[in-house]
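Peer 1: Build the 3D model from these lines:
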Amino acid sequence: MFSSISADTHTPAISCNPTAGSAPVRIASPKVDNEQNMTIPYPHIPPVIVSIGPLAVRWYGVMYAIGYILGYRLARTRTARAILPMERTDLDSWIGYLVIGMLVGARLTYAVVYDRPAFARDPVEILRVWHGG
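Peer 2: A predicted model of the protein is given here:
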């Protein structure tokens, strides 16, 4: 069906005619220069929202907190309507375990994925959360 494609990447020549000896059809593709990129530019947002001394509030921490607050409110509403078969005290314990699991899991994932050799040399570094990660 397609008998030829030209080496020129901007104007491929494709012959769609099944008969032999026909001239290839030229299909023009749009040229995009680097200044006129067709994607949305990546916003360069600093990771720290506010810093007070050694304490820094970061965007990902705020997003975790918002996610847990909204999830807790949704679960509490569903528990009150008996959609979620759980008591309020069970829900509070469950959320506490989820937060602890998220913190431990995030730290272990950071240690394994981002800086495995450093954590292999000094495994106690996993406990030093003030060093980052």
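
Peer 1: so where is the chain shaky, pLDDT-wise?
Peer 2: 1-37, 133 (pLDDT under 70).

Peer 1: at 80 what do you get?
Peer 2: For the chain, the stretches with pLDDT under 80 are 1-38, 130-133.

Peer 1: hey, where'd the strands end up in it?
Peer 2: With strands called from DSSP state E, the chain shows them at 13-14, 25-26, 48-52, 55-58.

Peer 1: Just give me the neighbour total for Ile95.
Peer 2: Per other C-beta atoms under 10 Å, the neighbour tally for Ile95 reads 16. Placement of C-beta: from N, CA and C, glycine included.

Peer 1: wait, it sits on Leu74?
Peer 2: No. Using C-beta atoms under 8 Å, Ile95 is not in contact with Leu74, being 11.3 Å away.

Peer 1: dump the residue contacts of the most centrally placed residue in the chain.
Peer 2: Nearest to the mean C-alpha position of the chain, by C-alpha atoms, centre = their mean, lies Tyr60 at 11.3 Å. Tyr60 makes contact with Pro47, according to C-beta atoms under 8 Å, 6 or more residues apart in numbering.
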